[in-house]
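> need the 3D shape of this:
(one chain, ligands or ions: 2)
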Amino acid sequence: MYASIMNAVTELRGLIIRLQSGFYTVETGQGIYTCQLRGRLKHGPRLGDVAAVGDWVRFTVLSTSSNAIPPSGGGIGRGVIEQIEPRQRAIIRMAPTPHGVYQQIIIANPDQAVFAFACSHPAPRFGMLDRFLVIAEKQRTPALIVANKVDLATLEGARQMFDHYICLGYPVIYTSVRLNLGIDDLHERLKGKITVFIGPSGVGKSSLLNAIQPGLGLAAKEVSLATRKGRHTTVVRQLFALEGGGYVADTPGLKALALWDIDPEEVDGYFPELRELVAECQFNNCTHSHEPGCAVRAAVESGKVHPERYRSYINIRAGQETE
Ligand code: GDP
Ligand code: ZN
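Ligands and ions are numbered 1, 2, ... in the order given. Below you'll find the predicted structure:
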């Protein structure tokens, strides 16, 4: 009899879709499990999150009985996470603590990041967008720019603001929740993928999600508001399933995306329009700020490089916070 219980130990593989007070909700092909980390996993050599929303894990099933109600609700069973699979990528925030810099994983393995801004009310903050794009480049995360509230700026006005990003290789979707414009296009791009929405508050992220799927934006906002207080205020707490497949996540805080760990020389490589140009500068240690024979500054002067992008580049290189 005991032997048969021992033999019944099963290991499953799943995706962490929710994180709450040390409990991980893991989605598997065979249902949803509420798991905790095996003790030994908590004592890694590094200071940082061991597991995050978006991680793929292997876990031992403890129970699948329906009367084992998990503390965070929703699961059909309980389990213990034995192993976190290597991440393809992650959006990470460095949080200084008295014991050193703590690596907070905002989200693991996103397939893409949507950087959402409004064309007006609030006015777009291009310095912030450029900073986000650098992070996406560094993390090799495909970026999608959403320019919402087109109704407040006209489509032509909106294009003048954002079209040059298309030339850099970043797709831009023009949307208006009010006019129901671009919503289907955005919806289409979310299908089957894990997408993290990032952008200042008030640009219409919740409204866009609600327009895509009723209730989605509201649910996402409730989760982020509920996590304002507490230790993990900036990490993604939950992935929300899309009816047609895929997940979306909203980021609770903007500070979440402070730039980290980027050397000044590295920044060149994260600006697609500068990558090739810099080889043509007269000096190979050119900082593109004042040197003679600088191909970057020449390109700004001739209009080949957008002056706003150049400004962002200089600010990011100098390590300055920009608007
Ligand atoms: P979030 O903070 O990014 O989630 O933004 P919300 O979805 O809460 O939207 C902020 C405000 O902008 C709300 O009053 C929305 O009704 C409004 N809003 C959202 N989308 C649009 C749009 O396309 N056009 C206009 N004019 N207003 C919008
Ligand atoms: Zn130069």
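> in the stretch 51-200 of the chain, which spans are helices?
126-138, 155-167, 183-190 (DSSP state H, counting those that start in this stretch).
> mind checking the ones you listed for the one nearest to Ile106?
Across the helices of the stretch 51-200 of the chain, Ile106 has its closest neighbour in helix 126-138 (10.0 Å, C-beta to C-beta). For glycine as for every other residue, the C-beta is placed from the backbone atoms N, C-alpha and C.
> give me every residue in the stretch 51-200 of the chain lying close to ligand 1.
Neighbours of ligand 1 within the stretch 51-200 of the chain, by C-beta under 6 Å from any ligand atom: Asn148, Lys149, Asp151, Leu152, Ser176, Val177, Arg178.
> ok, which pair from these is furthest apart?
Maximum distance among those (C-beta to C-beta): 11.1 Å, for Leu152 and Val177.
> what's the most buried one of the helices of the stretch 51-200 of the chain?
helix 126-138 (a mean of 21; mean count of other C-beta atoms under 10 Å).
> contacts only, for the nearest residue to Arg159 once chain neighbours are set aside.
Closest residue in space to Arg159, ignoring its immediate chain neighbours: Tyr174 at 7.3 Å, by C-beta to C-beta, 6 or more residues apart in numbering. Tyr174 is in contact with Ala147, Val150, Leu155, Ala158, Arg159, Phe162, Leu181, Gly182, counting by C-beta atoms under 8 Å, 6 or more residues apart in numbering.
> I'd say the second one and Val177 touch.
When you say that, I think you mean Val150. No - counting by C-beta atoms under 8 Å, Val150 stays clear of Val177, with 9.7 Å between them.
> more neighbours: which of these two?
Val150 (25 against 21; other C-beta atoms under 10 Å).
> strands of the stretch 101-250 of the chain, residue ranges please.
112-118, 143-148, 172-174, 194-198, 240-241, 247-250 (DSSP state E, counting those that start in this stretch).
> residues near His43, how many?
Counted with other C-beta under 10 Å, His43 comes out at 7.
> measure it to Ala299 for me?
Separation of His43 from Ala299 (C-beta to C-beta, to the nearest Å): 51 Å.
> repeat that for Cys281.
10 Å.
> over to Pro86?
39 Å.
> ok, now Asp130?
To Ala299, Asp130 is 16 Å away according to C-beta to C-beta.
> ok, now Ile32?
For Ile32 relative to Ala299 (C-beta to C-beta), the value is 52 Å.
> then Thr154?
30 Å.
> which of these two has more neighbours?
Ala299 (18 against 12).
> so the more buried one is in which element?
Using DSSP states H and E, Ala299 falls within helix 295-301.
> is ligand 2 within reach of that helix?
Yes - shown here: helix 295-301 in contact with ligand 2 (C-beta under 5 Å from the ion) through Val296.
> care to break this protein down by domain?
2-86, 106-250, 264-317 (automatic domain parsing).
> in the stretch 1-150 of the chain, which residue sits closest to ligand 1?
Lys149 (3.9 Å; C-beta to the nearest ligand atom).
> counting neighbours, what do you get for that residue?
So Lys149, with other C-beta under 10 Å, has 24 neighbours.
> cool, and the one 4 residues further on?
The burial metric for Ala153, expressed as a neighbour count using other C-beta under 10 Å, is 21.
> cool, and Gln112?
16.
> same check, this time on Thr10
11.
> Ser63 is in contact with that one, correct?
No - contact criterion C-beta under 8 Å: Thr10 and Ser63 do not qualify, at 11.0 Å.
> circling back: need the max-distance pair from the contacts of Tyr174.
Every pair of the contacts of Tyr174 checked by C-beta to C-beta; the farthest is Phe162 and Leu181, at 14.2 Å.
> mind checking pLDDT for His99?
Looking at His99, its pLDDT is 84.
> for this protein, which spans come out with low pLDDT?
1-8, 44-45, 65-75, 220, 222-233, 252-261, 320-323 (pLDDT under 70).
> please list the residues of it that sit near ligand 2.
Near ligand 2, when you scan the chain using C-beta under 5 Å from the ion, you find Cys281, Cys286, His288, Cys294, Val296.
> how about 6 Å then?
Cys281, Cys286, His288, Glu291, Cys294, Ala295, Val296 (C-beta under 6 Å from the ion).
> and for the helix or strand hosting Ile16, what's in contact with it?
Assigned by DSSP H and E, Ile16 belongs to strand 11-20. With C-beta under 8 Å, 6+ apart as the test, strand 11-20 has contacts from 24-30, 32-33, 51-61, 72, 74, 79, 82, 108, 232, 235-239, 241, 247.
> again, 7 Å this time
Outside strand 11-20, the residues that touch it by C-beta atoms under 7 Å, 6 or more residues apart in numbering are 24-28, 30, 33, 51-61, 72, 82, 237-239, 247.
> in stretch 111-127, what counts as buried?
111-120, 124-127 (16 or more other C-beta atoms under 10 Å).
> so how far is it off the chain centroid?
14 Å (C-alpha atoms, centre = their mean, to the nearest Å).
> hang on, the earlier thing: now the contacts of strand 11-20: which count as buried?
Buried among the contacts of strand 11-20 (16+ other C-beta under 10 Å): 24-28, 33, 51-57, 59, 61, 237-239, 247.
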